[in-house]
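In: Predicted structure and sequence below. I'll ask about it afterward.
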Amino acid sequence: MAMIDEVGERDGWRCWICDEAVEPDRSVNDDRGPSVDARTTSKKAKKAKNKTAKPPRLAHRGCNTGKGNTDAVIAWPDELFLIDPVPIIPAIDRLAAKGGREIMARCPTEADAADAAAWILDRVSRLEPQLSVEAEVQEGGGQYLVALAT
């Protein structure tokens, strides 16, 4: 339990996959109970000597089990009006590794793009707290692009 407590405190007792609160007092066998996820499925990345290994993250037991031995998919919320949103984890991993700029989604209106930019900036702040990014909204071709930049 010590590792769960350490990881839970560091992650603010929020599931890194679904971004909902994790109750520390629930049983680790309960679907909503705490578990620790290695966050990567790469055998090479899991080796302690490999510097690309990510620190373990807090997840609900159900989220962690549902993910299984595959890369997690962080879902965009249904209430955002997005066109061609990119998978969040690979885009954030590229920004963390190389910096630069990533187009995250297209939106039909500036208000939709502003909502998406605010959401993704907030989500990234919990997903990769050490990564400093800014959200940008740019008009182009009758639509609005949402981008993250380091």
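Out: Great, that's in hand.
In: top helix in the chain by residue count?
Out: Under DSSP state H, the helix in the chain containing the largest number of residues is helix 110-127.
In: how far away is the residue nearest the centre of the chain from residue 62?
Out: Computing the C-alpha centroid of the chain and ranking residues by CA atoms, centre = their mean puts residue 127 first, at 4.0 Å. Spatial separation of residue 127 from residue 62 under the definition CB to CB, to the nearest Å is 19 Å. In this view, the C-beta of every residue, glycine as well, is placed from N, C-alpha and C.
In: picking that back up, between helix 110-127 and the next helix-or-strand element following the longest helix of the chain, find me the angle.
Out: Along the chain past helix 110-127, the next helix or strand (assigned with DSSP states H and E) turns out to be strand 134-140. Put simply, strand 134-140 runs at 150 degrees to helix 110-127, going by axes from the mean of the first three to the mean of the last three CA atoms, to 10 degrees.
In: Report the buried residues of strand 134-140.
Out: Across strand 134-140, burial judged by 16 or more other CB atoms under 10 Å covers 135, 137.
In: what helices or strands is that strand leaning on?
Out: The elements that strand 134-140 packs onto, with contact taken as 3 or more CB pairs under 8 Å, 6 or more residues apart in numbering; DSSP states H and E, are helix 110-127, strand 143-149.
In: Now do the buried residues in stretch 82-99.
Out: Applying a neighbour-count criterion of 16+ other CB under 10 Å, one finds 82, 85-86, 88-89, 91-93, 95-96 buried in stretch 82-99.
In: Over to stretch 66-74?
Out: Judged by neighbour count (16+ other CB under 10 Å), stretch 66-74 contains these buried residues: 67, 72, 74.
In: can you check stretch 30-39 too?
Out: When neighbours are counted by 16+ other CB under 10 Å, the buried residues of stretch 30-39 are found to be 33-37, 39.
In: centre of the chain versus it, how much separation?
Out: When C-alpha coordinates are averaged (CA atoms, centre = their mean, to the nearest Å), stretch 30-39 and its chain have centres 15 Å apart.
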